[in-house]
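Trainee: need the 3D shape of this:
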Amino acid sequence: MHAYLIITKSSELAEQKARELIPEARLIPYTIAKIADTRELVRQTGVSFARKTVFFLSNFDKASIEAQNAFLKSLEESQENVVFVLAATHEEAVLPTIVSRCQVVRPRKMPSASRGKVSGHRAISFAEIAKITKREEATEYLENLINALSPKLPEGAITLRYADEALTRIKANANPTLQLTRFLVHV
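Mentor: Residues are numbered from 1 along each chain as shown. Down below sits the predicted model:
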């Protein structure tokens, strides 16, 4: 895959994820707003790169339709050592033909204050999941988490959504350990 589309509202998180995707590559930040920007990018990517190079295109969803169409050719004919990482806040604002040629990445980031906690509520770890074997324990944990996150909307919305999905599945007789693992992977 020579292209990624990172969907996030945080430009810092998008750039961090781009560096994580291809850590050995040199990252070149670039912005495309109009066709002239795309032409300049085509000129820059036309040279042969000795080592893997990532062109990080921030705010790609803000690029004009014409600029996105012009970029499509670069995407289809990129060189072996060139990788494009596009960052957008909304996938719908990117041409479907571009989306179809990219691996879409939706990074999840918990607020920095909640790496070990989820909005003041102790977060669960993979090791702790193995200890929860009873449906009631899993249900209690998720209900407490949902109650703790509800007043924290919108920043806890994604975590809240996954917690609610896990709780619904557990109440529908799904395996509690599997659902808690799935929840933890998503957040």
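Trainee: per-domain residue ranges of this protein.
Mentor: Structurally, the chain divides into domains by automatic domain parsing as follows: 3-105, 112-186.
Trainee: quick check: mean pLDDT of stretch 84-93?
Mentor: Per-residue pLDDT values over stretch 84-93 give a mean of 94.
Trainee: where's that stretch relative to the chain centroid, distance-wise?
Mentor: Average the C-alpha atoms of stretch 84-93, do the same for its chain, and the two points are 10 Å apart (C-alpha atoms, centre = their mean, to the nearest Å).
Trainee: in that stretch, what's buried?
Mentor: Under the neighbour-count criterion of 16 or more other C-beta atoms under 10 Å, stretch 84-93 has 84-89 buried. In this view, the C-beta of every residue, glycine as well, is placed from N, C-alpha and C.
Trainee: need the least confident one among the domains of the chain, by mean pLDDT.
Mentor: The bottom spot among those, by mean pLDDT, belongs to domain 112-186, with a mean of 75.
Trainee: where do the helices of the chain begin and end?
Mentor: Listed in chain order, the helices found in the chain under DSSP state H are 11-21, 35-45, 65-76, 96-99, 126-131, 135-149, 157-171, 176-186.
Trainee: in a markdown table: those helices, plus mean neighbour count and distance to residue 58.
Mentor: What follows is the helices of the chain, written out as a markdown table (neighbours: other C-beta atoms under 10 Å; distance: least, C-beta to C-beta, whole Å):
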| stretch | mean neighbour count | distance to residue 58 |
| --- | --- | --- |
| helix 11-21 | 17 | 6 |
| helix 35-45 | 16 | 12 |
| helix 65-76 | 16 | 14 |
| helix 96-99 | 14 | 15 |
| helix 126-131 | 12 | 33 |
| helix 135-149 | 17 | 29 |
| helix 157-171 | 18 | 21 |
| helix 176-186 | 18 | 25 |
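Trainee: now these as a markdown table including distance to residue 29?
Mentor: What follows is the helices of the chain, written out as a markdown table (distance: least, C-beta to C-beta, whole Å):
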| stretch | distance to residue 29 |
| --- | --- |
| helix 11-21 | 7 |
| helix 35-45 | 12 |
| helix 65-76 | 16 |
| helix 96-99 | 19 |
| helix 126-131 | 35 |
| helix 135-149 | 34 |
| helix 157-171 | 26 |
| helix 176-186 | 29 |
